[in-house]
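> Make a model of this:
(chains A and B)
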2 protein chains.
Amino acid sequence: MSELSRRSGVPVPTIKFYLREGLLRPGLATASNQAEYDEDHLRRLRLVRALITLGGLSVAAAREVLEAVAEPLDRYETLGVTHYALSAPVSARADGKSARNAEGGERGNGSAAEVERLIERMGWNITERSPLREALAAGLRALHEVGAGYGADELVPYAELAAATARLDLDQLAGIEDRIDIAERALVLTVLMEPVLAALRRMAQENEAALRYAGEDGSNTGE
Amino acid sequence: MSELSRRSGVPVPTIKFYLREGLLRPGLATASNQAEYDEDHLRRLRLVRALITLGGLSVAAAREVLEAVAEPLDRYETLGVTHYALSAPVSARADGKSARNAEGGERGNGSAAEVERLIERMGWNITERSPLREALAAGLRALHEVGAGYGADELVPYAELAAATARLDLDQLAGIEDRIDIAERALVLTVLMEPVLAALRRMAQENEAALRYAGEDGSNTGE
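Got it, this is the predicted structure:
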């Protein structure tokens, strides 16, 4: 176990916690206080660690992903399970409340209806149980609250660019067959790429603002 | 003041705090314990509130934005000041550490160098003092840590989509002349659109995965 800790960078007490929680299979006992851990343990440990620390998943949600990748799922299902487990934080960030804690009422229904209209307009295949419907609706409600209502029509151009981005993302899964690898890559694409894309968009906004407005009042030449 | 509170939805003690901190100008005294607040106070109060609660800005950072929008800046500068004040959270989210707390070393320099290469490849006009350089470098370091290194070449297609997104964003500032309104809109575009874009991208990933992989092993027909 100390070698597993050394190779993974995960402290021994944390590994013991994961074992107790059933997130990691026990090693093969070789003596009363010795067990052997193989390459598969190491990869699984790295995935558990990443789901919990990078993805911010609860132990229960991480267990769900791990159980899924242990089943004979296809690539689509593996991706979906990882994806759905990761999607709660988006909505929580969007409105500071639980995504499940929908308030109902006209406003809430309005956003949910715009989401359905957008999905239809885009022709997207999104399962009924996808937490992304509520995540998007929560984001639209937050915009609505500050007087910036976006309907399906205004969102279509953004959704088309999101679709192009998703094609780049999925290209990176091409050729990966192993389910643990797919789950790991989905985690990276979903969680770690988001701050990168946000920074790229802000940079592009800065550049676009410079192109359009620098020195417009003659008071600034944009450095 | 109670009317200002009623119209803005901001509690009186909070308004008093903003006054003490100099985030809001005092009203015009009409009696020993009465003051008049005009439409401009209301708009300023809403902006302060939004910067602090939605944008997560410190009082000092909010003051910086407010001082900026009080100066005779052009639209580009107003946008820039609001933008820069808001940009710290991106990098903090990306690596959990302060953006300023660059570790140096080969890895850190590598990411910073890729950022410069990307800016050059895109021909983007990004000021030297922009916090976005470090925000993007921090995001790339986090990816690098999990073995998913992205160099400038891999980022170019993403940056091109970010540029198209930024053009949609800036279209929404067209025709807005008032500096408080520009700052408010920049806040909305920068902070509140991010969870919406993240949800759209995840939805698009779900759809794209369904198109590419549903039923690939014959074990699932994608519902």
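
> Can you tell me the SS state at the residue nearest to the spatial centre of chain A?
The centroid of chain A falls nearest to residue A:190 when counting by C-alpha atoms, centre = their mean (3.5 Å). The three-state label given to residue A:190 by DSSP: H, G, I helix; E, B strand; the rest coil is helix.

> how about the strands in chain A?
A:28-31, A:34-36 (DSSP state E).

> Tell me which of these lies nearest to chain B.
Of all the strands of chain A, strand A:34-36 sits nearest to chain B, with 24.8 Å by C-beta to the nearest C-beta. Placement of C-beta: from N, CA and C, glycine included.

> Give me the contacts around the closest one.
Around strand A:34-36, the neighbours that count as contacts under C-beta atoms under 8 Å, 6 or more residues apart in numbering or on different chains are A:1, A:26, A:27, A:28, A:29, A:30.

> Check the offset of stretch A:28-45 from the chain's centre.
Relative to its parent chain, stretch A:28-45 has a centroid offset of 30 Å by C-alpha atoms, centre = their mean, to the nearest Å.

> Look at residue A:214 and say how many residues are nearby.
Counted with other C-beta atoms under 10 Å in any protein chain shown, the burial measure for residue A:214 works out to 17 neighbours.

> residue contacts, the closest residue to residue A:149 other than its chain neighbours?
Distances taken as C-beta to C-beta, 6 or more residues apart in numbering or on different chains place residue A:143 nearest to residue A:149, at 6.7 Å, with adjacent residues excluded. Residues in contact with residue A:143, defined by C-beta under 8 Å, 6+ apart, are A:149, A:150, B:188, B:192, B:193, B:196.

> Flag whichever of those scores worst on pLDDT.
Model confidence across the contacts of residue A:143 bottoms out at residue B:188, which has 80.

> you'd agree that residue is up against residue A:145?
No. Contact between residue B:188 and residue A:145 fails when scored by C-beta atoms under 8 Å: they sit 10.3 Å apart.

> Next, find the distance separating the closest residue to residue A:21 other than its chain neighbours from residue A:183.
Nearest residue to residue A:21, sequence neighbours excluded (C-beta to C-beta, 6+ apart): residue A:59, at 5.3 Å. In this structure, residue A:59 and residue A:183 are 16 Å apart, going by C-beta to C-beta, to the nearest Å.

> Who has more neighbours out of these two?
Using other C-beta under 10 Å, the more surrounded residue of residue A:59 and residue A:183 is residue A:183, with 23 against 15.

> Distance-wise, check that one relative to chain B.
In this view, residue A:183 and chain B are 13 Å apart by C-beta to the nearest C-beta, to the nearest Å.

> and what of residue A:117?
13 Å.

> Could I get the contacting residues of that residue?
A:151, A:152.

> mind checking how far it is from residue B:39?
35 Å.

> now swap in residue A:178 and tell me
For residue A:178 relative to residue B:39 (C-beta to C-beta), the value is 62 Å.

> Could you do residue A:51 as well?
Residue A:51 is 50 Å from residue B:39, by C-beta to C-beta.

> Residue A:126 now?
43 Å.

> what about these two, which has more around it?
Between residue A:126 and residue B:39, counting by other C-beta under 10 Å, residue A:126 is the more crowded of the two (20 against 8).

> Least confident secondary structure element in chain A?
None of the helices or strands of chain A scores lower by mean pLDDT, DSSP states H and E than helix A:88-95, at a mean of 42.

> Any regions of chain A where pLDDT drops low?
For chain A, applying pLDDT under 70 flags the ranges A:71-73, A:87-109, A:215-223.

> What segments of it are helices?
Counting by DSSP state H, the segments of chain A that form helices are A:2-8, A:12-20, A:39-53, A:59-70, A:75-86, A:88-95, A:105-122, A:132-145, A:152-171, A:179-187, A:193-213.

> buried residues in the third one?
By 16 or more other C-beta atoms under 10 Å in any protein chain shown, the buried positions in helix A:39-53 come out as A:41, A:44, A:45, A:46, A:47, A:48, A:49, A:50, A:51, A:52.

> do the same with the second one
Along helix A:12-20, these residues count as buried under the neighbour rule (16+ other C-beta under 10 Å): A:14, A:15, A:18, A:19.

> Counting by contacts, list what that helix packs against.
helix A:2-8, helix A:39-53 (3 or more C-beta pairs under 8 Å, 6 or more residues apart in numbering or on different chains; DSSP states H and E).

> likewise the last one?
If contacts are counted by 3+ C-beta pairs under 8 Å, 6+ apart, helix A:193-213 sits against helix B:75-86, helix B:88-95, helix B:132-145, helix B:152-171, helix B:193-213.

> Of all the residues in that helix, which ones are buried?
Here helix A:193-213 shows A:193-210, A:212-213 as buried, counting by 16+ other C-beta under 10 Å.

> do the same with the fourth one
For helix A:59-70, burial by neighbour count (16+ other C-beta under 10 Å) applies to A:61, A:62, A:63, A:64, A:65, A:66, A:68, A:69.

> which residues touch the residue nearest to the second one when sequence neighbours are not counted?
Nearest-residue entry for residue A:62: residue A:51, 4.4 Å, with adjacent residues in sequence omitted and distances by C-beta to C-beta, 6+ apart. Contacts for residue A:51 (C-beta under 8 Å, 6+ apart) come out as A:57, A:61, A:62, A:65, A:85, A:187.
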